[in-house]
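> A predicted structure for the sequence below; I have some questions about it.
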Amino acid sequence: MAIHIDPLEKRWIIVTAGLAIMTWAITLYFAAVEDIHPPSNVEVIDSARLHLASGVGGGEFMEEKLGLHKGSDGELVVTMVAARYGFYPQHIELPLNTAVKFRIASFDVLHGVHVPFTNLNTMIVPGYVSEITTRFTKAGEFPIICNEYCGLGHAYMYGMMNIVPKNKFNIAAETH
């Protein structure tokens with residue numbers, strides 16, 4: 001005995017299957033062609049020891065080492081800490097159209113980093129270092145916003161990022 005499927009139901013099955021295939025194809029395209037993918041750096045840390053010299057990377061997240069510096073390979077690296085209720089350092093100046101690696105750790109709870117009108121958006125999980133490399137293509141001041149609810153002061157957790165043309169950027173003045 002054959003099962004009867006209403007023609008309207010058949011159309012919805014085809015539309016739903018088509019949308020699923022289209023979503024899969026778009027995801028595959030951006031992963032393969034545009035090289036856009038989730039962060040894959042897995043670096044475990046002890047959040048309670050971030051501020052100590054014996055912490056991660058010989059005290060990489062100590063207060064005096066936060067901010068912008070040149071890495072061992074000459075790459076620009078921003079080291080940040082997210083803690084209730086702020087980002088440290090609170091102000092960062094970066095050059096336009098230059099690759100910048102962000103290394104961010106949480107001192108306490110789950111946080112998020114979102115910089116509107118850019119592609120910088122990630123989650124900061126306690127016990128791990130979030131690492132992202134990006135390039136900013138628009139000059140100007142952009143807020144750094146926490147996009148994961150982290151407690152009663154969440155709405156006040158922000159910082160500022162100033163993207164300036166390369167000819168107005170002085171790495172020596174910005175590094176610690």
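Perfect, thanks for sending it.
> can you pull the contacts of the spatially most central residue of the chain?
Nearest to the mean C-alpha position of the chain, counting by Cα atoms, centre = their mean, stands residue 122 at 3.3 Å. Residue 122 makes contact with 39, 102, 104, 112-113, 130, 132 under the criterion Cβ atoms under 8 Å, 6 or more residues apart in numbering. Every C-beta, even on glycine, is put in place using the N, C-alpha and C of the backbone.
> mean confidence score for stretch 19-35?
Mean per-residue pLDDT for stretch 19-35: 88.
> cool, and stretch 83-99?
92.
> Just the buried residues of it, please?
83-87, 89, 92-96 (16 or more other Cβ atoms under 10 Å).
> which of the contacts of residue 122 lies closest to residue 139?
Nearest to residue 139 among the contacts of residue 122 is residue 102, at 18.5 Å by Cβ to Cβ.
> What is the helix or strand that closest one falls within packed up against?
Using DSSP states H and E, residue 102 sits in strand 99-106. Contact here means 3 or more Cβ pairs under 8 Å, 6 or more residues apart in numbering; DSSP states H and E; on that basis strand 99-106 packs against strand 76-83, strand 121-124, strand 129-135.
> Which neighbours in the sheet does that strand have, and how are they oriented?
strand 76-83 (parallel), strand 129-135 (antiparallel) (DSSP bridges).
> Cool, thanks, talk later.
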